[in-house]
Structures are given as structure tokens and as C-alpha cells.
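**Q** sequence and computational prediction follow.
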Amino acid sequence: MRFKNIKIKKNNQYGIIEIANNKNNSLDHITLNEISEATKELNKVKEIRCIGFVGSSKFFSPGADIKELEKLDSKKAKKLKLFSKVDDLQKINIPIISFVEGYALGGGFELALSSDIIIASTEAKFGLPEINLGLIPGIGGTQKTKKFTSNQNVKYLAMTGKIIDAETAMKYGIVSQIIPKENFKEFTLNFLNTISSKPKKSLQVIKYLVNSEDNLKKSLIKERQEFYKLLDSENKKIGIKSFLNKTKPNWK
């Protein structure tokens, strides 16, 4: 399968999916679908034991394409099954590691949260700013973050929309390791080599056991339903207009 907005690199025992969609790696539904399909493709390759997600040095991904989001209402989102492809990442049975150099915001942060391990550069930034658009996280931000940190920290991120640095993300338990920017690319390859040198079956069983959660699927459905509803809200229109015009929103 040929991809437009991502690049795939294969090593003997691991694969790398690079988000390469325009200048800032925004995640429109096509890009998210491509990431999902590429991940499934790599998961089927017998020799591949882990997958790395990478972005650019400035942007892992700032999240949803705002102009695409502006045109969406709940009806269109449901018809597109918006974000549903990302849910398929839960079915991948080998480790996924996100290597975040720059900004991972909104959907970009949620994509990283969909992986098993997050490694950050000293320059990395994280946040769930959807509330500033009159919305909420819609790709698991309120649920997946709870795998890594406390409910209080999740509420802080989602309710304030503030951006945190790599050190704060590590204190929250979201990031496993912080690597100096100048060594980040070298570390990425070394880390993938380390994980992929382990027995595949053991990696799969560890992932299965750690990720065993009965209620996550139901919680993600609830979050998605509430996100879809807010696509029709007046505050969503106000938030996106203010973002595009660089003005302060006057919420209803």
C-alpha cells in the first residue's frame, strides 16, 4: 500500500512510521488512517518485533487539522467514523514506541498515548488544548492518559489546555526517558534495536498482560460520543474562529 502523508522505514526486526504530513504534521483523518493501516501492515510481518512512531524535530504532531475540524459536525464525524482507526492500535500485539522531539499536542499527544512507551527529547512539549477550541480530547486523551498518570493530572491537562515540558511529563509518569536533542535520532535507533533484540513472544505477552483492561473500550466510546456532540456546539465555532484569527474566545 502506498501512503501520502507518512513514510515507512523497515529494518530487519523493527519498523518506523514517520508522520510527514505538510509542514507541521497535523493529523487529518487521512493521515490517522494511514498511520493505522501502516501499523497493521508492519504488525503482520513475522520478523518485525516493534514499531517506532516519529515526527519532525519541531513537531511530532500538533494534533487535528483545524481547518478540517472547522468543517466537521457530529453527523459528518459519525459518517467518517472519525478517529476509529486509531482505536485499532489497541489490536497491535507488538510494542509501539513514540519518539517525541517537538510538540505533541491534542491528537498528536493522544497518538503517543496510544503507544506502549513514550521517549522524549529535551525539547519535547505535550498538551491537551482541545478545550481552547470549545471541545474535549476525542482520541482517548481523558482515558489513555490515566494509564500513565493520576486522574488529577489528567484533569489539569484537559481542563487548562496548558502545554507541559518533557520534565513535567516525566514527573507525571507519561514519559519513560528524556534524551538530549543532539543525541535523539541516534538513541531512537539504538532503543528500537534493543527492544527488537528481545524474543517476540515475550514482548507480545508482556504487552497483553500490562494492557489488560476490561473497561477501557467502553470509556473510549463515551469520550468519542461526547466529542462528536461538541462538534455541533457554538463554543466549537467560537474556539476555532478565535484560533484561526488569533483572538481571545468569548465563550457562550
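**A** Nice, I can see it.

**Q** isn't A77 right up against Y228?
**A** Yes - judged on Cβ atoms under 8 Å, A77 makes contact with Y228 at a distance of 4.9 Å. (Each C-beta comes from the backbone N, C-alpha and C, glycine too.)

**Q** how far does the host helix or strand of F227 sit from the chain's center?
**A** For F227, the host element (DSSP states H and E) is helix 216-230. Centroid separation for helix 216-230 versus its chain: 16 Å, with Cα atoms, centre = their mean, to the nearest Å.

**Q** averaged pLDDT, stretch 153-165. What do you get?
**A** Averaging pLDDT along stretch 153-165 gives 97.

**Q** kindly format the C-alpha coordinates of it as PDB.
**A** This file holds the C-alpha atoms of stretch 153-165, laid out as PDB (Å, rounded to 0.1, in the frame of the first residue of the first chain):
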ATOM      1  CA  ASN A 153      -3.100  15.400  36.400                       C
ATOM      2  CA  VAL A 154      -5.400  14.300  33.500                       C
ATOM      3  CA  LYS A 155      -7.900  16.900  34.700                       C
ATOM      4  CA  TYR A 156      -5.200  19.600  34.900                       C
ATOM      5  CA  LEU A 157      -4.100  18.900  31.300                       C
ATOM      6  CA  ALA A 158      -7.600  18.600  29.800                       C
ATOM      7  CA  MET A 159      -9.200  21.500  31.800                       C
ATOM      8  CA  THR A 160      -6.400  24.100  31.500                       C
ATOM      9  CA  GLY A 161      -5.200  23.200  28.000                       C
ATOM     10  CA  LYS A 162      -1.700  24.100  29.200                       C
ATOM     11  CA  ILE A 163       1.400  22.700  27.500                       C
ATOM     12  CA  ILE A 164       3.900  21.000  29.700                       C
ATOM     13  CA  ASP A 165       7.600  20.300  29.000                       C
END
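
**Q** for the lowest-mean-pLDDT helix or strand in the chain, list every residue counted as buried.
**A** Lowest on mean pLDDT, DSSP states H and E among the helices and strands of the chain sits helix 216-230, with a mean of 84. For helix 216-230, a neighbour-count test (16 or more other Cβ atoms under 10 Å) marks L216, L220, E223, R224, F227, Y228, L230 as buried.

**Q** how about the strands in the protein?
**A** 6-10, 14-19, 50-54, 59-61, 96-100, 103-105, 117-121, 125-127, 163-165, 177-179 (DSSP state E).

**Q** adding mean neighbour count and distance to D28, write those strands out as JSON lines.
**A** Shown next, in JSON lines, are the strands of the chain (neighbours: other Cβ atoms under 10 Å; distance: least, Cβ to Cβ, whole Å):
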{"stretch": "strand 6-10", "mean neighbour count": "14", "distance to D28": "12"}
{"stretch": "strand 14-19", "mean neighbour count": "23", "distance to D28": "11"}
{"stretch": "strand 50-54", "mean neighbour count": "26", "distance to D28": "17"}
{"stretch": "strand 59-61", "mean neighbour count": "27", "distance to D28": "11"}
{"stretch": "strand 96-100", "mean neighbour count": "25", "distance to D28": "19"}
{"stretch": "strand 103-105", "mean neighbour count": "26", "distance to D28": "15"}
{"stretch": "strand 117-121", "mean neighbour count": "23", "distance to D28": "23"}
{"stretch": "strand 125-127", "mean neighbour count": "24", "distance to D28": "19"}
{"stretch": "strand 163-165", "mean neighbour count": "18", "distance to D28": "22"}
{"stretch": "strand 177-179", "mean neighbour count": "17", "distance to D28": "29"}
